[in-house]
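Peer 1: any chance you can model this:
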Amino acid sequence: MRLWVAVLALGGSIAWGQAPARVEGRVLTSTGGGVGKAEVTLQGIGEGAPIFLEISDRAGRFVFEGIPAGEYALAAGKSGFAKPAWVEITLRRGEVRTGFEIKLVAQGVISGRVTDQDGDPISDIEVHALVRQGMGSRRALIVRRAVLTDDQGNFRLNGLNQGRYYIRAQDERRVESGLRRGRTAQEINTDTLYENVLELAPGAEVSGVQIVMRRVSVVSVRGKAFDNRSGKAYTGELELVQKDPEGAVDTTVPKIDGTFEFPSVLPGTYVLHADATAGFAGRQEVVVQGADLDGVSFRVSPATEIDGIVRLEDGDLRTLLVSMESAIRLNDLDGRTAPTGAINADGTFRIEHVDFSKYRAYLNVEGTYVKSMRFAGRDVTKGMLDLTSGAEEGLLEVILSQKTAEVTVAVRGDNADFVVAIWPKEIVDDPVLTFIGTGGDLQATGLAPGDYFVAAWEGIDPVLTYDPEFLALFERNADSVIVRESARLTVEVTPVPKDKVAVEIAKLP
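Peer 2: Next up, the predicted model:
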């Protein structure tokens with residue numbers, strides 16, 4: 001699936017008139033008050049088109065004079081307000097256009113204090129404003145804003161759009177390898193989420209957020225890494241990845257004899273990896289409990305390569321690849337960096353430095369969808385490549401089709417503040433196909449055949465549409481669309497009102 005965002009295209013050409021036009025208007029808050037000192041931009045559409053800038057007065061008024069006739073886009077912005085959408089306008093020679101109103105939505109603030117369990121303030125702690133986001137079953141908290149606490153433990157997260165926020169305190173100060181902790185030093189500050197999820201209204205300030213950082217016991221993970229073929233010590237970088245969408249990733253480099261240590265590890269299940277980019281692969285699950293873990297024996301082997309070929313059904317792939325840089329990507333389900341392979345003009349590719357992990361393969365070539373994907377003769381179109389047992393011989397074969405579908409979504413009603421989403425009924429790990437609209441019809445192009453939901457919501461943060469649990473709340477009320485190859489469909493939807501959205505959002509964890 002592709003991630004689509006409806007944006008204003010500023011391409012094309014225009015014949016510019018000579019008689020000047022005039023544009024007048026006001027920049028307003030969402031409640032109708034004037035916004036002074038806002039930057040108002042009138043941008044011509046087309047190559048070489050002029051761009052004009054004005055500053056609004058105290059009442060929010062602005063005037064553009066001496067403007068050539070043509071096609072323009074108008075917008076305004078100011079610090080402390082969310083970025084608005086552009087509005088397209090056409091100016092004729094000598095025309096005077098008045099009464100334009102550009103409404104800005106004020107951003108909010110969340111402030112508070114971080115202390116330890118004794119009530120003492122903690123300085124230099126990272127405090128994050130996070131939003132819930134996800135792909136398929138993999139949901140995570142994504143940082144929208146981050147600040148450090150001052151010497152009194154205070155923090156202030158500003159510039160936040162309206163929405164639902166989680167607040168986390170995180171101590172990034174790490175412990176040096178080789179440090180031996182005494183009994184009174186075996187606890188550290190660990191990531192701590194504020195107990196309540198905060199609903200932030202436009203321009204609102206939520207203050208008094210008190211976060212008491214949790215103290216937890218940590219242990220060390222020690223062992224020895226060696227080359228499985230020769231038995232010699234391995235001294236390349238190692239990664240310890242927590243098996244959690246929001247889990248930590250620690251790195252270390254073994255000593256010359258291959259011994260290694262990860263200090264300050266929290267209890268949990270981890271995956272130990274070698275650095276495949278250096279030519280070695282290795283994967284081993286490690287369970288960390290309440291005591292130091294010694295004697296981990298980690299074997300590495302040469303990283304593997306995957307060869308493959310991409311073919312275009314009923315067409316010549318070269319005509320598609322000539323105008324773009326295309327690559328196939330292996331998404332590591334352990335959450336590590338995805339290895340990629342460039343696609344040659346004849347459709348062949350090679351993905352190098354592949355670790356012994358579980359992957360899903362992705363390929364995005366404009367105007368196509370992946371019709372089938374097979375590895376070593378097995379269908380992996382919606383499945384995974386499981387290389388945890390080691391390298392496997394076989395070709396990765398991908399068939400693309402140009403018979404993509406198009407769905408036009410028409411939103412009923414006059415409210416321009418809405419988000420529209422179209423998403424597959426069967427979500428694996430694909431990004432949800434999302435459109436952000438400001439009114440009028442939206443077109444979802446390049447869709448693969450399948451069954452989809454379509455819905456719209458008033459006044460939500462678009463990031464919510466990446467959360468499968470949010471989408472699941474509205475499946476009963478969403479429109480169902482069956483999309484066939486080369487289909488051209490139109491769907492009308494009515495946005496879910498803000499009050500009903502708020503009720504459902506409250507059900508999310």
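
Peer 1: surely residue 470 is within a strand?
Peer 2: No. Secondary structure assignment (DSSP: H, G, I helix; E, B strand; the rest coil) places residue 470 in helix, not in a strand.

Peer 1: tell me the SS of the spatially closest residue to it that is not a sequence neighbour?
Peer 2: Residue nearest to residue 470 in three dimensions, not counting chain neighbours: residue 464, with 4.7 Å by CB to CB, 6 or more residues apart in numbering. Yep, even glycine has a C-beta here, placed from its N, CA and C like the rest. Following three-state DSSP, we place residue 464 in the helix state.

Peer 1: for residue 464, what are its contacts?
Peer 2: 131, 132, 163, 164, 419, 457, 470, 505 (CB atoms under 8 Å, 6 or more residues apart in numbering).

Peer 1: relative to residue 420, how far out is residue 410?
Peer 2: 10 Å (CB to CB, to the nearest Å).

Peer 1: quick check: neighbours shared by those two?
Peer 2: Contacts common to residue 410 and residue 420, judged by CB under 8 Å, 6+ apart, are residue 493.

Peer 1: and those two? which has more neighbours close in?
Peer 2: residue 420 (24 against 13; other CB atoms under 10 Å).

Peer 1: show me what the more buried one bridges to in the sheet.
Peer 2: residue 435, residue 456 (DSSP bridges).

Peer 1: now do residue 157
Peer 2: residue 110.

Peer 1: any chance of the contacts of residue 464 in CSV, plus distance to residue 448?
Peer 2: As requested, the contacts of residue 464 are arranged in CSV below (distance: CB to CB, whole Å):
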residue, distance to residue 448
131, 27
132, 26
163, 30
164, 31
419, 22
457, 24
470, 22
505, 29
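
Peer 1: nearest to residue 85, out of those: which one, please.
Peer 2: Among the contacts of residue 464, residue 419 lies closest to residue 85 (CB to CB), at 12.0 Å.

Peer 1: mind checking pLDDT for that closest one?
Peer 2: Looking at residue 419, its pLDDT reads 85.

Peer 1: tell me how far it lies from residue 25.
Peer 2: Distance, residue 419 to residue 25, by CB to CB: 26 Å.

Peer 1: repeat that for residue 199.
Peer 2: In terms of CB to CB, residue 199 sits 32 Å off from residue 25.

Peer 1: higher neighbour count, those two?
Peer 2: residue 25 (21 against 14).

Peer 1: please identify the helix or strand for the more buried one.
Peer 2: strand 21-29 (DSSP states H and E).

Peer 1: which elements pack onto the helix or strand following that strand?
Peer 2: Following strand 21-29 in sequence order, the next helix or strand is strand 39-44 (DSSP H and E). The helices and strands touching strand 39-44, judged by 3 or more CB pairs under 8 Å, 6 or more residues apart in numbering; DSSP states H and E, are strand 21-29, strand 51-55, strand 61-67, strand 70-77.

Peer 1: got any ranges where the stretch 101-250 of the chain has weak pLDDT?
Peer 2: 134-140, 173-186, 245-247 (pLDDT under 70).

Peer 1: can I take it that residue 454 is in a helix?
Peer 2: No. According to three-state DSSP, residue 454 belongs to no helix; its state is strand.

Peer 1: so it sits against residue 479, correct?
Peer 2: Yes. Between residue 454 and residue 479 there is a contact under CB atoms under 8 Å: 4.6 Å.

Peer 1: any shared contact partners between these two?
Peer 2: 491, 493.

Peer 1: higher neighbour count, the two?
Peer 2: residue 454 (20 against 15).

Peer 1: contacting residues around that one?
Peer 2: If you count contacts by CB under 8 Å, 6+ apart, then residue 454 has 407, 409, 420, 421, 422, 478, 479, 480, 481, 491, 493 around it.

Peer 1: the helix or strand harbouring the fifth one packs against which elements?
Peer 2: What it means is residue 422. Residue 422 is located in strand 418-424, with elements delineated by DSSP H and E. The contact analysis (3+ CB pairs under 8 Å, 6+ apart) places strand 418-424 against strand 405-411, strand 434-437, strand 441-447, strand 450-458.

Peer 1: walk me through the domains of this structure.
Peer 2: 21-104, 108-217, 219-301, 304-401, 405-505 (automatic domain parsing).

Peer 1: start to end distance for the shortest one?
Peer 2: Spelled out, that is domain 219-301. Start-to-end span of domain 219-301 (CA to CA, to the nearest Å) is 28 Å.

Peer 1: how about stretch 112-126?
Peer 2: Span of stretch 112-126 from end to end, CA to CA: 13 Å.

Peer 1: what's the answer for stretch 71-88, then?
Peer 2: 7 Å.

Peer 1: buried residues in stretch 398-408, which are they?
Peer 2: Using 16 or more other CB atoms under 10 Å as the test for burial, stretch 398-408 gives 398, 399, 400, 401, 402, 404, 405, 407.

Peer 1: for it, how far is the first residue from the last?
Peer 2: Stretch 398-408 has an end-to-end distance of 28 Å (criterion: CA to CA).

Peer 1: which residues in the stretch 51-200 of the chain form helices?
Peer 2: Using DSSP state H, counting those that start in this stretch, no helices are found in the stretch 51-200 of the chain.

Peer 1: quick one on the thing from earlier: can you turn the buried part of the contacts of residue 454 into a PyMOL selection?
Peer 2: To isolate in PyMOL the members of the contacts of residue 454 that are buried, counting by 16+ other CB under 10 Å, one can use:
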select buried, resi 407+409+420+421+422+478+481+491+493
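
Peer 1: so, low pLDDT: which residues of the stretch 251-400 of the chain?
Peer 2: The stretch 251-400 of the chain contains residues with pLDDT under 70 at 322-325.

Peer 1: now the helices for the stretch 301-450 of the chain?
Peer 2: When secondary structure is read from DSSP H, counting those that start in this stretch, the stretch 301-450 of the chain shows helices at 318-321.

Peer 1: all the strands of it, in order from the start?
Peer 2: Taking DSSP state E, counting those that start in this stretch, the strands of the stretch 301-450 of the chain run over residues 304-312, 327-332, 340-342, 348-354, 358-363, 369-375, 378-379, 385-386, 396-401, 405-411, 418-424, 434-437, 441-447, 450-458.

Peer 1: sorry, back to before: list the buried residues of the strand holding residue 25.
Peer 2: Residues of strand 21-29 classed as buried by neighbour count (16+ other CB under 10 Å): 21, 23, 25, 26, 27, 28, 29.

Peer 1: isn't the third one right up against residue 99?
Peer 2: Yes. Because the distance of 6.6 Å satisfies CB under 8 Å, residue 25 is recorded as touching residue 99.

Peer 1: report the secondary structure element holding residue 287.
Peer 2: Going by DSSP H and E, residue 287 is part of strand 283-288.

Peer 1: burial measure for residue 74, as a count.
Peer 2: So residue 74, with other CB under 10 Å, has 21 neighbours.

Peer 1: which residues does it form a beta bridge with?
Peer 2: Where residue 74 sits in a bridge, its partners, by DSSP bridges, are residue 42, residue 87.

Peer 1: ok, longest helix in this protein?
Peer 2: Ranked by residue count under DSSP state H, the longest helix found in the chain is helix 498-505.

Peer 1: any idea how far residue 259 is from residue 229?
Peer 2: According to CB to CB, residue 259 and residue 229 sit 20 Å apart.

Peer 1: more neighbours: these two, which one.
Peer 2: Neighbour count, other CB under 10 Å: between residue 259 and residue 229, residue 259 has more, with 13 against 10.
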